[in-house]
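**Q** What follows is a predicted protein model with its sequence.
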Amino acid sequence: MNSEQKRYEGKAKIIYATNEPEVLLAYFKDDATAFNAQKRGEIVDKGRINCQISTHLFRLLEAKGIPTHWIESPGEREMKVRSVEIIPLEVVVRNIAAGSLCRQTGLALGTPLQPPLVEFYFKNDALGDPLLTRDRILVMGLATEAQLAQLIQLAQSINAILSDFFRQCRITLVDFKVEFGIDAQQNLLLADEISPDTCRLWDQSEVDINRRILDKDRFRQDLGQVEEAYQQVLARILAHIS
């Protein structure tokens, strides 16, 4: 990797070009942000841990028939991925009320959501990543009707697979966000990452509402032991798949 190969640097990853036009290399950083990057910091070893977690979860989803951009992970912090044009929507699936859903609706923290709630947020920092309705997405031209239907179906399938897997790891998948992109062959692929940065994960063996948190909420809420929580998620995944 060198500066000439760098294509883009985001909050959590640096994207590099490779010798293959349709293949990119994602390097996972230790940088941490929250509240639309208003809070910044570093989580020790986060890049390595998130890359490994994402690798195992992408492999799991691929094996279950979910198309992803993942190709291989040549290094502990590196992931080779198919080049895609990212759809500027964050697709959020909620199994249990938490975070902004509680603040905006008055639902109590921990309220089960049946069926799970699928929401769309506009990927735009300047606008604060607002929640969008289906009609607004269509008016803005961010996705077609057919793409929206496919995004919802894929999000629901991903949720079912991940919820079951995490349950076996004694972790509750509270909610998560995913991103999708279109590759050169016009295929819709799951992209970005799946990690404690992008999921709310609660330890099923812990009843205390703070100690049970195994995700970036520990960083957001200044709860401490952030690195330990991320490491625990990875350890449980590795113990389950080995």
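**A** Everything's here; your move. Numbers count the residues shown, from 1 in each chain.

**Q** quick one: secondary structure of Ala146?
**A** Three-state assignment for Ala146 (DSSP: H, G, I helix; E, B strand; the rest coil): helix.

**Q** ditto for Asp222
**A** Applying three-state DSSP: Asp222 is coil.

**Q** how about Glu179, secondary structure?
**A** strand.

**Q** show me what contacts Tyr121?
**A** Contacts for Tyr121 (C-beta atoms under 8 Å, 6 or more residues apart in numbering) come out as 89-90, 92, 129-132, 177. All C-beta atoms are positioned from the backbone trio N, CA, C, and that covers glycine.

**Q** what kind of secondary structure is it in?
**A** Tyr121 is classified as strand under three-state DSSP.

**Q** For ChimeraX, write the selection for the buried entries among the contacts of Tyr121.
**A** Per 16 or more other C-beta atoms under 10 Å, the buried members of those correspond to this ChimeraX selection:
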select :89,90,92,129,132,177
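
**Q** Dump the contacts of Tyr121 to CSV, plus secondary structure, pLDDT and distance to Ile71.
**A** Shown next, in CSV, are the contacts of Tyr121 (DSSP: H, G, I helix; E, B strand; the rest coil; pLDDT from 0 to 100; distance: C-beta to C-beta, whole Å):
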residue, secondary structure, pLDDT, distance to Ile71
Leu89, strand, 98, 23
Glu90, strand, 98, 23
Val92, strand, 98, 26
Asp129, coil, 94, 28
Pro130, coil, 96, 33
Leu131, strand, 97, 33
Leu132, strand, 98, 31
Lys177, strand, 98, 22
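
**Q** now, among the contacts of Tyr121, which is nearest to Leu61?
**A** Lys177 (14.9 Å; C-beta to C-beta).

**Q** For beta bridges, what are the partners of that closest one?
**A** Val92 (DSSP bridges).

**Q** Surely it touches Arg94?
**A** No. Taking contacts as C-beta atoms under 8 Å, Lys177 lies outside contact range of Arg94: 9.8 Å.

**Q** could the contacts of Tyr121 go into JSON lines alongside distance to Phe122?
**A** Output for the contacts of Tyr121, formatted as JSON lines (distance: C-beta to C-beta, whole Å):
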{"residue": "Leu89", "distance to Phe122": "7"}
{"residue": "Glu90", "distance to Phe122": "8"}
{"residue": "Val92", "distance to Phe122": "12"}
{"residue": "Asp129", "distance to Phe122": "6"}
{"residue": "Pro130", "distance to Phe122": "5"}
{"residue": "Leu131", "distance to Phe122": "8"}
{"residue": "Leu132", "distance to Phe122": "5"}
{"residue": "Lys177", "distance to Phe122": "13"}
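
**Q** what about Ile71, helix or strand, and which?
**A** Assigned by DSSP states H and E, Ile71 belongs to strand 70-75.

**Q** Return the set of buried residues in that strand.
**A** Per 16+ other C-beta under 10 Å, strand 70-75 contains these buried residues: 70, 73.

**Q** And stretch 208-221, by the same measure?
**A** 212-220.

**Q** can you check stretch 74-93 too?
**A** 77-84, 87, 89-93.

**Q** List the residues that contact Thr18.
**A** Contacts of Thr18 by C-beta under 8 Å, 6+ apart are 5, 24-25, 80.

**Q** what does Arg200 give?
**A** The neighbours of Arg200, taking C-beta under 8 Å, 6+ apart as the test, are 96, 98-99, 173-176, 213, 215, 217.

**Q** ok, of those, which come out buried?
**A** 96, 98, 173-176, 213, 215, 217.

**Q** Filter those residues down to the ones in strands?
**A** 96, 173-176 (DSSP state E).
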